[in-house]
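> My questions concern the predicted model and sequence given below.
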Amino acid sequence: MKVETTNIEGCYVLAPTVFKDKRGYFFESFNQEQFEKVVGTAINFVQDNQSKSSRGVLRGLHYQQGEYAQAKLVRVLEGEVLDVAVDLRKDSPTYKNVFTTVLSLENNKQLFIPRGCAHGFLTLSESATFFYKCDNFYNKESEAGLRYDDPAFAINWQMKESELIISEKDKVLPYFKHIETKVS
Ligand SMILES: Cc1cn([C@H]2C[C@H](O)[C@@H](COP(=O)(O)OP(=O)(O)O[C@H]3O[C@H](C)C(=O)[C@H](O)[C@H]3O)O2)c(=O)[nH]c1=O
């Protein structure tokens, strides 16, 4: 497995070793022992999620607050997305840093997003099936988020505004400046 550090502390890009032969390919999509060595801490994923999105769908920026904060290991099973993490940990040396990367079936890349970071992705391919492991359960009451177009982060989503498909819930997420005092 290849590992790349990012500009967010504790956030890593992982690329599994792919074994190809005349039948196709094989790779270990998750190996607890290898993963914990890379991340440098024990991790207990308790919930897997999967979503399918068409081109232009932008989900996020989302996170869960407090005791229900989630670390996520995200990848695509089909298609291509622009994946984004934002460090919202006030005590982090990379507080407010934004990391973006393209995850695709072709590059087999995965992104590990530590607790305390907001996460979102934009679907770049005609459709994308998104899969991720979470180290904490979904807790509706703990859900929080930030606007995808927050000037505080100036994320380049690489797509025209008119092409974006965003849920009504995400359209009314707050701007960072209105919630910064509440971020842990
Ligand atoms: C996240 C979640 C949602 N739900 C239910 C709640 C809604 O009735 C429905 C769709 O939820 P939502 O519109 O919040 O789904 P996404 O917009 O894909 O949210 C996710 O998108 C970004 C990219 C993330 O990183 C988060 O994991 C997650 O917030 O699934 C559940 O039952 N369990 C869950 O863990």
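Good, I have the coordinates.
> going forward, measure contacts between C-alpha atoms and count neighbours the same way
Will do.
> In contact with the closest residue to Ile166 other than its chain neighbours: list those residues for me.
Once flanking residues are discounted, Ile166 sits nearest to Leu58: 5.5 Å by Cα to Cα, 6 or more residues apart in numbering. Contacts for Leu58 (Cα atoms under 8 Å, 6 or more residues apart in numbering) come out as 120-123, 164-166.
> Show me the beta-bridge partners of Leu58.
Leu122 (DSSP bridges).
> That one and Leu82, how far apart?
9 Å (Cα to Cα, to the nearest Å).
> hey, what's in contact with both of these two?
121-123.
> For the ligand, tell me which of the residues you listed show up nearby.
Phe121 (Cα under 6 Å from any ligand atom).
> Nearest to Gln158, out of the shared contacts of Leu58 and Leu82: which one, please.
Leu122 (9.0 Å; Cα to Cα).
> Report whether the expected contact of the closest one with Ile155 is present.
No: here Leu122 does not reach Ile155: they are 11.2 Å apart, not a contact under Cα atoms under 8 Å.
> The residue positioned nearest the centre of the chain: which element?
Compute the mean C-alpha point of the chain, and by Cα atoms, centre = their mean the closest residue is His119, 4.4 Å away. Here His119 sits within strand 117-123, counting by DSSP states H and E.
> Give the buried residues for that strand.
117-123 (16 or more other Cα atoms under 10 Å).
> which among these gets closest to Phe30?
His119 (20.0 Å).
> For the closest one, give me its contacts.
His119 sits next to 60-63, 83-86, 113 when contact means Cα under 8 Å, 6+ apart.
> What of Ala118?
60-63, 85-88, 145-146.
> restrict these to contacts with the ligand.
60, 62.
> Among the contacts of Ala118, which lie within strands?
60-63, 85-87, 145 (DSSP state E).
> Could you single out the nearest of these to Glu4?
Ala85 (14.7 Å).
> does that closest one really touch Val98, like I thought?
Yes: between Ala85 and Val98 a contact is recorded at 5.8 Å, counting by Cα under 8 Å.
> which one of the two has more residues nearby?
Neighbours per residue (other Cα atoms under 10 Å) separate Ala85 from Val98, with Ala85 holding more: 25 against 20.
> Look up the closest residue to Arg75, ignoring the ones flanking it.
Distance criterion Cα to Cα, 6+ apart; nearest residue to Arg75, sequence neighbours excluded, is Gln110 at 4.7 Å.
> ok, that neighbour - contacts?
Gln110 sits next to 13-15, 73-76, 103 when contact means Cα under 8 Å, 6+ apart.
> Who does it form a beta bridge with?
Leu14.
> Next to the ligand in this structure, residues from this protein, please.
59-60, 62, 119-121, 138.
> biggest separation within these, which pair?
Phe121 and Tyr138 (18.3 Å).
> show me what contacts the nearest residue to Leu61 once chain neighbours are set aside?
Take Leu61 and drop its neighbours on the chain: the residue closest to it by Cα to Cα, 6+ apart is Gly120, 4.5 Å away. Residues near Gly120 by Cα under 8 Å, 6+ apart: 58-62, 83-85, 148.
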